[in-house]
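Enquirer: give me a 3D structure for the following:
(chains A, B, C and D)
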2 protein chains.
Amino acid sequence: MADVAKLAGVSRTTVSFILNNVPDTNIPDATRQRVLQIARELNYMPNVQALNLATGKTMMIALVVRQTSEQMSGDAFAGEFIRGVTGVIEAENYHLVIHAAEPDARESTYGKLVRTHKVDGLLISSPLVNDQEVRLLYREETPIVLHGATDTQDIPSVDVDNRQGAYMAVRYLIDLGHRRIGHISNAPFSYASSSDRLDGYCQALAEAGIPYDESLVLAGEFTASSGYEPMRALLDLPNPPTAVFVGSDMVALGAMEAIRSRGARIPEDISLVGFDDILYARYTMPPLTTVRIPAYELGRSAGDLMLKIIRGESLPGTRILLPTELVVRRSTIKCPA
Amino acid sequence: MADVAKLAGVSRTTVSFILNNVPDTNIPDATRQRVLQIARELNYMPNVQALNLATGKTMMIALVVRQTSEQMSGDAFAGEFIRGVTGVIEAENYHLVIHAAEPDARESTYGKLVRTHKVDGLLISSPLVNDQEVRLLYREETPIVLHGATDTQDIPSVDVDNRQGAYMAVRYLIDLGHRRIGHISNAPFSYASSSDRLDGYCQALAEAGIPYDESLVLAGEFTASSGYEPMRALLDLPNPPTAVFVGSDMVALGAMEAIRSRGARIPEDISLVGFDDILYARYTMPPLTTVRIPAYELGRSAGDLMLKIIRGESLPGTRILLPTELVVRRSTIKCPA
DNA sequence: TGATGTTAGTAACTCGCGTTAGTAACCCGC
DNA sequence: GCGGGTTACTAACGCGAGTTACTAACATCA
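Expert: Residues are numbered from 1 along each chain as shown, chains lettered A, B, ... in the order given. Now for the predicted structure:
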C-alpha cells in the first residue's frame, strides 16, 4: 500500500480511503483513477492479517466436528453440509476452518479458537447435550450456531425436523395398513436426534390408536452392524412386526442383512423404512424407502444464521428446523391381510 | 500482554521473552515464575492476528476442493481425507481452511488466499491437468501439495497408486482363470486416475499374454448411472467377458444393476471388481470385491508433506504414492471352464 | 581505583493496515 | 483584504504482538 502511495504521489491514507471507498472524503476523480490504476498495475493485494488486526475481525468461521468418523461418514452428509456452509459464507468473504474436536479431551480445544481471535464464530456440529464450554462461550457473546440441539434453548441452532421425519415415515407405514410396527433407532436414546425420532414414531402410533409396545423398540448405534442384532430380535418375537422403521439408512443396511439371514423377504414379509437417504439407499435390494435429510440446505441455513448473528441481525433463541421428505422406493408394501 | 506486564511490574518485552522461552535472556527464576503465574491467573491468550502480523505466518493451510460434488461424494473419501490432514497439521498448531473452488471461474480464487496472506500453504485436490495458476504459484515459492497429478512434475504431490491397484485387481481375475476381462473406467480417460488405472489393466493383460481388445474397454463417469449402459454394452457383445474390472465402486453399482436387468448372476455368470472400497461395497449383493484406497493415510501424507515443505525440509519433485489393497469379497469367482 | 563483565531488564521500532483529527491552499462574497 | 467555507489532502495513533539495541546497576578482578 505504501508503494502504491509513493508511486501515486499521495499519502497512504489517501490510498486507503480510495481502495475502501470511504464516504465523505472529497477526492477528485483524477486522483482516484490514478491511484486505482497504479494499484492494479502493482497487483496490490491487502495483507489480510494486518487488516484483521486493525479491524478486529478475522473473516473466519470454524466448523467444529467430532473426531469420530462413525457419525460423519457413511453418507455424504458432512461433505454436502460443508458445501452448503462455504457456499453461503464465501459469498460474504468469510472462510471456513475445519476443526476436529477430540471428544475425549477434558478441556475444549475450540474455545481457544475464538479466544485467540483465530475465528469470528463457531459452528458446532452435534454438541454434547450439556456442553458447559458452549454455554460459557455463548454467554461471552461469541457468535455460535449449533447443528443439533442442547438443553440450553436460547443458543441459535439449526437442525432437521427429526420428529416430523419419523412421523411421516411411520404414518406412511400405517397408511399401508401396518399395525405392528417396530423401530430400531439410529443411536442410543440419549442422543437428541434419536429421541426426537422416537417421539415421531410414538406420535404416529398414538394418532392411529395403536398402543405402544416397548418390545418393538430397540436401539441401533450408527453403524450397519449395529442394526443386525436388533432386527433379529424383532424377527424372533412371538408376534413379529410386519414393518420396521429404522432411524438410519446405515443401520437399516444391517437390518436388511438380518432379514435375509432369516430367509425373509423385503418387502413381502417385512416392510422397511430408513432415514437419511444416503447415496446407497437407491441401490440396496430392494431400493430403500427412506426419509431424506437436506444436508446442503442445512449447511446453507447454518451459514446464513451465522452471518446474521455476526451482523447482529439475529434474535436470540433462533432455531431453524428444516423439513424432511419421504422418498418412497421398493422396500415398503401394503400390509398383507 | 500489557496487563500481565503491568501486574508483574515488568515491561511487555520481558513478558514476551518469558512466554516465548526466548533463549539467552537472563531472567531470574523468581521473575519468570511470577510472570507465568500472573499470565495463568489472567488466563492470558495471545491474539493470533497480531502474532501473525508480527511473524508473517498464518498457521493456516487451505484445502482447495472442487465445487462439483460428484467426484467427492459417493463415498466417505473427502471426510476421511480431511480427518487425515487435520490430524497431522493440528498437532503442529496449523488449521485447515476449506475453500470451494468454482470450476468454471476464469481466474482462480485460491491464488488470492495465499497472496493476501490468508493461508501459508495450498493443498489442492484433483487440480486440472495443466492449471497455469498452480504452476505460477509454485514458481512464486508458495508451499503447494497436490492430491492427484499435473503435467508439471516437480510440484510435490500425493496420490494413490492407481496403476498398481488396477494391476492387482486384473491380475487377481486372471489368476482366477478369466481370460476375457472387460473394463469400465471411473471417469473419462482424460483424467489421470482413469488412464493410470487403464494402464494397470493393460499391464496385467500383457503379462498374461492376453491381447488387448478395445471393444472390452468403455468409459464411466463418476456416477452409478454412468455404469449402467457400458455394462449392458459389454453383455450384448457376441463374445461377452466373464469378468469386468470397474474403476469405481459407484460406477460398479450401476453395472450391477445392468447385470441384474439382463437376468445374469454375479459372480456365477460374471465376476466384478470395483475400485475405492466405498462404505457400501460390503453391503452390495453380493458384497463387492474391490481395491481399497487409504483415504485417511492419504490425508496424513498430504498434511505431513505440507509441513515439511513449510519447514523447508522437502525436496522438490517429491511424489508420494500410497499402495492400495485388494479386498476380496463375493463378487468374484473362478472362471467356469 | 578503574576497567571489564554480567545481570536484569527496557525503550523503541516493526508488521500493514484503519481511522481520527487536523491543515494548507484556494475560492467566494462583502 | 479579510473572514468563512470548501477542497484535497496528510500526520499520527492504535491494533497486539515479536525483536533489536541499548542501559543502569551491580560484581569482579588486576
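Enquirer: use CA for all of it now, contacts and neighbours both
Expert: Fine.
Enquirer: and the strands in the stretch 1-150 of chain A?
Expert: A:60-66, A:95-101, A:121-125, A:144-147 (DSSP state E, counting those that start in this stretch).
Enquirer: which one of the ones you listed lies closest to residue A:11?
Expert: Residue A:11 sits nearest to strand A:60-66 of all these, at 30.6 Å, using Cα to Cα.
Enquirer: state the mean pLDDT of that closest one.
Expert: Summarised as a single mean, pLDDT over strand A:60-66 is 91.
Enquirer: check stretch A:232-241 too.
Expert: Stretch A:232-241 comes out at a mean pLDDT of 97.
Enquirer: could you list the residues in contact with it?
Expert: With contacts defined as Cα atoms under 8 Å, 6 or more residues apart in numbering or on different chains, stretch A:232-241 is touched by A:180-182, A:216, A:255, A:258-259, A:262, A:270.
Enquirer: please apply the same query to stretch A:78-97.
Expert: Against stretch A:78-97 from outside (Cα under 8 Å, 6+ apart): A:59-63, A:72, A:295-304, A:307, B:67, B:69, B:72-73, B:78-79, B:95-100.
Enquirer: same deal with stretch A:150-158?
Expert: Contacts for stretch A:150-158 (Cα under 8 Å, 6+ apart): A:127-131, A:135, A:138, A:144-149, A:298, A:301-302, A:316-322.
Enquirer: still on that earlier bit, so how do I select the buried members of the contacts of stretch A:232-241 in ChimeraX?
Expert: Burial among the contacts of stretch A:232-241 is assessed by 16 or more other Cα atoms under 10 Å in any protein chain shown; the matching ChimeraX selection reads:
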select /A:180,181,182,216,255,258,259,270
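Enquirer: sorry, back to before: from the contacts of stretch A:78-97, list just the buried residues.
Expert: A:59-63, A:72, A:295-304, A:307, B:67, B:72-73, B:78-79, B:95-100.
Enquirer: which SS state does the nearest residue to residue A:244 once chain neighbours are set aside fall under?
Expert: Excluding the flanking residues, the one nearest residue A:244 by Cα to Cα, 6 or more residues apart in numbering or on different chains is residue A:182, at 4.4 Å. Using DSSP: H, G, I helix; E, B strand; the rest coil, the secondary structure recorded for residue A:182 is strand.
Enquirer: for DNA strand D, see how far away residue A:182 is.
Expert: 57 Å (Cα to the nearest atom of the strand, to the nearest Å).
Enquirer: list the buried ones in the helix or strand bottoming out on mean pLDDT in chain A?
Expert: Using mean pLDDT, DSSP states H and E, helix A:132-139 stands out as the lowest-scoring helix or strand of chain A, at a mean of 88. Across helix A:132-139, burial judged by 16+ other Cα under 10 Å covers A:134-135, A:137-138.
Enquirer: please apply the same query to stretch A:230-245.
Expert: Quick answer for stretch A:230-245 (16+ other Cα under 10 Å): A:230-232, A:234-235, A:240-245.
Enquirer: and for stretch A:109-123?
Expert: So for stretch A:109-123, counting by 16+ other Cα under 10 Å, buried means A:109-110, A:113-123.
Enquirer: cool, stretch A:248-266 as well?
Expert: Neighbour-count burial for stretch A:248-266 [16+ other Cα under 10 Å]: A:248-259, A:266.
Enquirer: in JSON lines: the residues you listed, plus pLDDT, secondary structure and distance to DNA strand C.
Expert: Output for the buried residues of stretch A:248-266, formatted as JSON lines (pLDDT from 0 to 100; DSSP: H, G, I helix; E, B strand; the rest coil; distance: Cα to the nearest atom of the strand, whole Å):
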{"residue": "A:248", "pLDDT": "95", "secondary structure": "coil", "distance to DNA strand C": "49"}
{"residue": "A:249", "pLDDT": "95", "secondary structure": "helix", "distance to DNA strand C": "50"}
{"residue": "A:250", "pLDDT": "92", "secondary structure": "helix", "distance to DNA strand C": "49"}
{"residue": "A:251", "pLDDT": "95", "secondary structure": "helix", "distance to DNA strand C": "52"}
{"residue": "A:252", "pLDDT": "97", "secondary structure": "helix", "distance to DNA strand C": "54"}
{"residue": "A:253", "pLDDT": "95", "secondary structure": "helix", "distance to DNA strand C": "54"}
{"residue": "A:254", "pLDDT": "95", "secondary structure": "helix", "distance to DNA strand C": "56"}
{"residue": "A:255", "pLDDT": "98", "secondary structure": "helix", "distance to DNA strand C": "58"}
{"residue": "A:256", "pLDDT": "97", "secondary structure": "helix", "distance to DNA strand C": "59"}
{"residue": "A:257", "pLDDT": "95", "secondary structure": "helix", "distance to DNA strand C": "60"}
{"residue": "A:258", "pLDDT": "97", "secondary structure": "helix", "distance to DNA strand C": "63"}
{"residue": "A:259", "pLDDT": "97", "secondary structure": "helix", "distance to DNA strand C": "64"}
{"residue": "A:266", "pLDDT": "97", "secondary structure": "coil", "distance to DNA strand C": "64"}
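Enquirer: okay, and the beta partners of the closest residue to chain B within chain A?
Expert: Going by Cα to the nearest Cα, chain B is nearest to residue A:97 of chain A, at 4.3 Å. On the basis of DSSP bridges, residue A:97 is bridged to residue A:62, residue B:97.
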